[in-house]
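Enquirer: Provided below are the primary sequence and the corresponding predicted coordinates.
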Amino acid sequence: VQFVESGGGMVQPGGSLRLSCTASGFTFSAYDMSWVRQAPGKGPEWVSGINTRDGTTFYADSVKGRFTISRDIAENALYLQMDSLKPEDTALYYCARNALPVDFCSVTPCFETHLGQGTQVIVSS
């Protein structure tokens with residue numbers, strides 16, 4: 001199982017970034033997938049997830065209305081469009097395979113701990 005994330009960078013508050021993740025080593029279409037972030041000195045935080053059966057999307061309250069998750073099953077790719085970025089969005093962002101259905105992610109840890117190298121997002125003026 002391998003994930004390669006890209007698209008991070010430094011932006012000013014209010015700016016946008018689009019993160020990409022390419023997955024390999026497993027049947028991508030068989031799993032719900034999530035984006036997870038980790039800020040310095042903090043534990044991993046679930047950000048957003050997508051249901052593999054019907055494409056239903058889920059978001060943490062902190063990013064709802066600003067972030068949009070999507071996927072391309074043919075390309076084994078997961079995306080995160082991040083708009084109206086805030087300094088508190090600064091973190092290392094990872095894509096992750098779900099260990100539980102994405103419906104549970106807002107109430108319990110739902111993603112596998114096997115992560116890629118991540119992509120750094122810095123929001124600062």
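Expert: Noted; the coordinates are in hand. Numbers count the residues shown, from 1 in each chain.
Enquirer: what about the spatially closest residue to residue 75 that is not a sequence neighbour, neighbour count?
Expert: Nearest residue to residue 75 in three dimensions, chain neighbours excluded: residue 22, at 7.4 Å (Cβ to Cβ, 6 or more residues apart in numbering). (Each C-beta comes from the backbone N, C-alpha and C, glycine too.) The number of residues packed near residue 22 is 17, by other Cβ atoms under 10 Å.
Enquirer: same question, residue 54
Expert: 6.
Enquirer: which SSE is the most centrally placed residue in the chain in?
Expert: Closest residue to the average C-alpha location of the chain: residue 35 at 1.7 Å, with Cα atoms, centre = their mean. Using DSSP states H and E, residue 35 maps to strand 33-38.
Enquirer: Quick one: list the elements packing against that strand.
Expert: When contacts are defined as 3 or more Cβ pairs under 8 Å, 6 or more residues apart in numbering; DSSP states H and E, strand 33-38 sits against strand 17-24, strand 45-50, strand 67-72, strand 77-82, strand 91-97.
Enquirer: So what are the sheet partners of it and their directions?
Expert: strand 45-50 (antiparallel), strand 91-97 (antiparallel) (DSSP bridges).
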